[in-house]
Structure formats: C-alpha cells, structure tokens
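S.K.: Next input, structure requested:
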Amino acid sequence: MEIAVYCGKVYSWTDESCKYNSSYPILDYNSVVNWVSSHGEGSFLIFGTDVIPYTLYDYPNRPVSETEIFKFMERGGTIIWVGDTPFYYVDKNGVKEEIFSKGNPFPFIHKNLEHRPVSEKSENTIVGEMLEYDPKESWRPVEAIPSLVPISIVKQGGGILYSTWIYKYEKGEFVRVYDSPYVNAKYVLSLPEKLSKLGIGIRIRNYRKLKDFKMVLPNFKIGVILGKNNVGKTSILEAMAMLDPNNANKIKEFRDRVSNQIAETELYLNGEYYTVKFSDVSSTRNKDAKVLLIYPRENSTVNFDQSILRKVTDLMNKFDPNIFYVYLSAGNEIRVLFNDKTDVSINELGYGYKSLLNFILSYVVYQPKIILIDDLESFALHPELLKQFYDFLLRLDVDLILITTQSSDVYAYLAEKRSDNVRFILINDGKYEVLTSEEVLDRMDYEDLRYTALKLSGEVH
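M.R.: Have a look, this model is predicted:
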C-alpha cells in the first residue's frame, strides 16, 4: 500500500491535511502527475487541498476518462477527497479557475452548491460504522443512486441524500469525506488503512428481537452462526433475505407475517451496498440482491425446465457417481434414475439426498449471489455427505453463504476444512464474536462452542 498527499498552492475550504505532520510524501503541482502515472492498484492519493491541479485534470482539453486522475482510478488507484465540491475548481499554476460549469465528471448530481449547510447533522450507514467515521454537518450532499456506496447520509423531506460516499470507477475508487469546512486531518490520513480492511457489514433495525443489531466482519465466503434458541439467528437470515423481493412471500408463509413495523436491513459486501426498508405491506430497496433463503425441511417449489435438470444431474453426480439422470416425469414429478436402472421419485429418496437435491435445484434455477441456510442440521446429511457438501459450497460462485446451526457436527466438520474462507460467528443478546477455523478447533478440545456463545452475556461462568 503506497500513500501520498497532494498539497497545492490554492484551496477552497481546507488545507488541514497538508498542515498535519505525517510520514507520507507530499506532492506538488508538478510532482503529483509523475506519482499518479506510475501508480495504480493498492495506491492512495489524499487531496490535502481541495482544488484539483490541471496536471491531473485537464478537462475539457481531453475527455474525462483520459485525464491522469481517472486513468489512475482505472488502474485501481483510490482518491480521497475532503472539503469543497470535487472538480469544482482547477488549479492552473497557482490560479484557481471554476471548471464545474463545463461538465460534471460524475454520473450523479450535487444537491447544494450554495455556501450553507443542508443539514446540521448527518448519520452513518453501516459503511460509516465500519470506517469509524464521525459524521458532521453536511454542505455538499449528492443524490442517492445505486452505484454509490454511502458512508454517511442526511434525511431531507422524506428522502435520503448521501453526504459522504464511495464512487467506484473501473478498478479504483473516489472516496469523499467531510463535505463541509470541517476536516479531521488525522482521520483522513488514517483512511487508506481503514479502507483496505473493509470486510462485511450488516445492520438490522426493528426486525423482531433485532432493534439495532450490527456486525462488522472480516471478508469470508462461509459463515456459521451459533447461539442459543430465540437469540435471533433466523431473524438475521430473514432480514438479509428481504434484500431480494422474491423472499417476502416465503418469510410470510413461514412466519405468518413479515413485520408489523417498518424494519431495515443494510449490507456491505464485496464493495456493494444494499439496503431495504420493509414491513407486511411494503418494501423499498436501493437495488435488488439475489438471495436464496432455505428454511428447515423445505421442499423446492421453483419452476424449471428439462435443461435445468441436466445441470442438476451433473452436480448430483459429483456427490454420487451412481446417479445417472435426474428428470421430470410426465406427471411433473422429479425422479432419479441410477446406473443400475433403479428409478425413484424424489420423495422416495432418503431425507439427506432429498434435501441435497432440493438445494441444488434451487441453486441452479436461481443462481444466487448470497445463500442463507437456516438450521443446516435439518438437511440430515451423513457426516461424509456433509463434508462433501462443504466442499461443494466452497467451490460455488457466490459472494456469501451464512448458515445457522445448533449442531456441533455442523460446525466441527466445517472447521476441519481449515479454510481461510470460513468464519464462525457466536452471538448472544446483541453481542458477537468471530472465530477462525483454527480457533474453533483449538477450543473444541475443551469447550462446546454453543456454551462459549452463552458467555458473551455472562450466562455461563
């Protein structure tokens, strides 16, 4: 990770980061272009002064995408901007010139260019919490659009504006913090490390027992959630499942209702921000996520055609090479033909095989990016089949899999995979602890993790 600070001769609101004694190299009007042109992925350029040099941004003499600053982001570099409106002024050898009227390089609109605050106080999103941001008054918020990742927001007239945000451009990012004359230089200079450590963030409000539940987690692919009964494990999955409108009816059928009050879920995952507000009668999202929710003892009800079953056959054959073909009978019944010519209905299979087949069918039909499995032990998989199932999950092209369980077998067999893509989340009364596979295996020698979770609130001594 390489970090530099640009300090020009002119500024609009702030030069606080240039006054702070940091160990980062300080770049000027001429040296900044050489640094930027030789850096990209993993590099951070902090603007200590909030007027952009013409050496980096000579628009409209060349297209925005061809300017040095945008080529830097295209290669994976990150810009950190504080102070007045980005790209409003350009510095031409110490002379400040207004440039914004010639074109906005962003695909979104600033909602206030007057010299006054829009809101005396902004509030953090889950991303702001992850970055440990201290929200202040907001002067230069922008419209809320799905392609932006909000750090802090302001609520105005029943709507939401993004006060501070992350704009992803090609491989890189433009990070905008402190959209007011106030700047905490020490925090700004700490941002590259905080940004490089961003993992998974989940916040759930007003859903059943989860009044304001937050988890800031490292990046992983499979997470196993453990905790006592009625602690909110299933509620976490359901609140996340509401990021996909297809899950509302499933939750309503399982629970008899979704929520009798307006609940909210936020998720930050793999650089994407998702949010939904929902109740029994309505739901609104910034964008849809493809989420597959699996309840205990659930039969697949997805619609599919014969071509889907060819893919299902290929995947089932990895678990049992004796399976010759999965097909749909004339009576629309799923049947399995084995190599020895045994031909059985899905309902005649053992429950473990039936659960596995239903899961694979749902996965192939829906192609989710997030999979949520409640009570995996209800799949009734034999230990060897469970181990194979974990290998299968680790190979899937998905962003996140969360599993809840009360079974020591479920977490023990997964821990034995010793995968860096796996974490174990113990929760109790709003508190949580995250363990690696190695930490779980060490503790298993003397303690059951289900009792370890109780210690989070002092229930077990």
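
S.K.: What about the residue nearest to residue 424 when sequence neighbours are not counted, how many residues nearby?
M.R.: Leaving aside its sequence neighbours, residue 424 sits nearest to residue 435 (CB to CB, 6 or more residues apart in numbering; 4.5 Å). C-beta here means a position set from N, CA and C on the backbone, and glycine is covered the same way. Residues near residue 435, counting by other CB atoms under 10 Å, number 21.

S.K.: same thing with residue 373?
M.R.: When neighbours are defined as other CB under 10 Å, residue 373 has 24 of them.

S.K.: was I right about it contacting residue 403?
M.R.: Yes: using CB atoms under 8 Å, residue 373 is in contact with residue 403, at 4.8 Å.

S.K.: Test my guess that residue 329 contacts residue 337.
M.R.: No: assessed by CB under 8 Å, residue 329 is found out of contact with residue 337, at 10.5 Å.

S.K.: For the two, indicate the residue with more neighbours.
M.R.: Neighbours were counted for residue 329 and for residue 337 using other CB under 10 Å; residue 337 has more, 15 against 10.

S.K.: could you say what helices and strands the helix or strand hosting the more buried one packs with?
M.R.: Taking DSSP states H and E as the definition, residue 337 sits inside strand 334-338. Using 3 or more CB pairs under 8 Å, 6 or more residues apart in numbering; DSSP states H and E, the elements in contact with strand 334-338 are strand 323-328, strand 343-345, helix 351-366.

S.K.: what sits against residue 182?
M.R.: Neighbour list for residue 182: 136, 137 [criterion: CB atoms under 8 Å, 6 or more residues apart in numbering].

S.K.: Tell me how far it lies from residue 451.
M.R.: As for residue 182, its distance to residue 451 is 48 Å (criterion: CB to CB, to the nearest Å).

S.K.: Equivalent analysis for residue 294, please.
M.R.: For residue 294, the distance to residue 451 - CB to CB - is 27 Å.

S.K.: for residue 312, same thing?
M.R.: 39 Å.

S.K.: before we move on, what about residue 365?
M.R.: Taking CB to CB, one finds residue 365 at 39 Å from residue 451.

S.K.: The two: which is more packed in?
M.R.: A direct count of neighbours by other CB under 10 Å for residue 365 and residue 451 places residue 365 higher, at 17 against 12.

S.K.: what pLDDT does that one get?
M.R.: We have a pLDDT of 92 for residue 365.

S.K.: Which of the three states applies to the nearest residue to it once chain neighbours are set aside?
M.R.: Leaving aside its chain neighbours, residue 365 sits nearest to residue 302 (4.4 Å; criterion: CB to CB, 6+ apart). Look at residue 302: counting by DSSP: H, G, I helix; E, B strand; the rest coil, its state is coil.

S.K.: Would you mind pulling the contact partners of stretch 425-444?
M.R.: For stretch 425-444, using CB under 8 Å, 6+ apart, the contacting residues are 213, 215, 217-218, 223-228, 231-233, 236, 411-412, 414-420, 422-424, 449, 452-457, 459.

S.K.: residue contacts, the residue nearest to residue 365?
M.R.: Taking CB under 8 Å, 6+ apart, we find residue 302 in contact with 361, 362, 365, 366.

S.K.: Relative to residue 312, how far out is it?
M.R.: 11 Å.

S.K.: Between the two, which contacts overlap?
M.R.: The contact lists of residue 302 and residue 312 share residue 361, where a contact means CB under 8 Å, 6+ apart.

S.K.: sorry, back to before: quick one: which of the contacts of residue 302 is nearest to residue 322?
M.R.: Nearest to residue 322 among those: residue 361, at 18.8 Å, using CB to CB.

S.K.: quick one: pLDDT of the closest one?
M.R.: 93.

S.K.: can I assume residue 388 is in contact with residue 321?
M.R.: No: in this structure residue 388 lies outside contact range of residue 321 using CB under 8 Å: 11.8 Å.

S.K.: related to what we said a few turns ago, now the strand holding residue 337, how far from the chain's geometric center?
M.R.: 38 Å (CA atoms, centre = their mean, to the nearest Å).

S.K.: What are the contacting residues of it?
M.R.: 309, 316, 322-329, 343-346, 349, 357, 361.

S.K.: Which strands border that strand, and is each parallel or antiparallel?
M.R.: Counting by DSSP bridges, the strands paired with strand 334-338 are strand 323-328 (antiparallel), strand 343-345 (antiparallel).

S.K.: Now that strand: buried residues?
M.R.: Residues of strand 334-338 classed as buried by neighbour count (16 or more other CB atoms under 10 Å): 334, 335, 336.

S.K.: And stretch 224-244, by the same measure?
M.R.: In terms of neighbour count (16+ other CB under 10 Å), stretch 224-244 has its buried residues at 224-228, 231-244.

S.K.: Rounded mean pLDDT for it, please.
M.R.: Mean predicted lDDT for stretch 224-244 stands at 94.

S.K.: cool, and stretch 138-151?
M.R.: For stretch 138-151, the per-residue pLDDT averages 95.

S.K.: Adjust the sequence numbering to begin at 42 for everything that follows.
M.R.: Yep, numbering from 42; the last one is stretch 179-192 now.

S.K.: Outline the domain layout of the protein.
M.R.: 43-237, 241-331+409-498 (automatic domain parsing).

S.K.: what's the distance between the last one and the middle of its chain?
M.R.: Put simply, domain 241-331+409-498 sits 13 Å off its chain's centre (CA atoms, centre = their mean).

S.K.: again with the longest one
M.R.: Taking the mean of its C-alpha atoms, domain 43-237 sits 22 Å from the chain's own mean (CA atoms, centre = their mean).

S.K.: which strand of the protein spans the most residues?
M.R.: strand 200-210 (DSSP state E).

S.K.: which residues touch that strand?
M.R.: 111, 114-115, 147, 149, 152, 159-160, 163, 168-169, 174, 176, 179, 181-185, 188-195, 214-220, 312.

S.K.: What pairs with that strand, parallel or antiparallel?
M.R.: Counting by DSSP bridges, strand 200-210 is paired with strand 183-184 (antiparallel), strand 189-197 (antiparallel), strand 213-217 (antiparallel).

S.K.: Going by neighbour count, which residues in it are buried?
M.R.: Using 16+ other CB under 10 Å as the test for burial, strand 200-210 gives 201, 202, 203, 204, 205, 206, 207, 208, 210.

S.K.: closest to residue 425 among the residues you listed?
M.R.: Set against residue 425, the nearest of those by CB to CB is residue 207 (44.4 Å).

S.K.: so where do the helices sit in this structure?
M.R.: Secondary structure of the chain, counting by DSSP state H: helices at 57-60, 72-78, 109-115, 167-171, 226-237, 274-282, 289-296, 347-360, 392-407, 424-436, 449-456, 478-485, 490-495.

S.K.: can you list contacts of the fourth one?
M.R.: Spelled out, it's helix 167-171. Contacts of helix 167-171 (CB under 8 Å, 6+ apart): 176, 190-193, 205, 207, 235, 239-240, 242-244, 255, 257, 307-309, 314.

S.K.: The same query, at a cut-off of 7 Å, please.
M.R.: Residues from elsewhere that reach helix 167-171 (CB atoms under 7 Å, 6 or more residues apart in numbering): 176, 190-193, 239, 242-244, 255, 257, 307, 309, 314.
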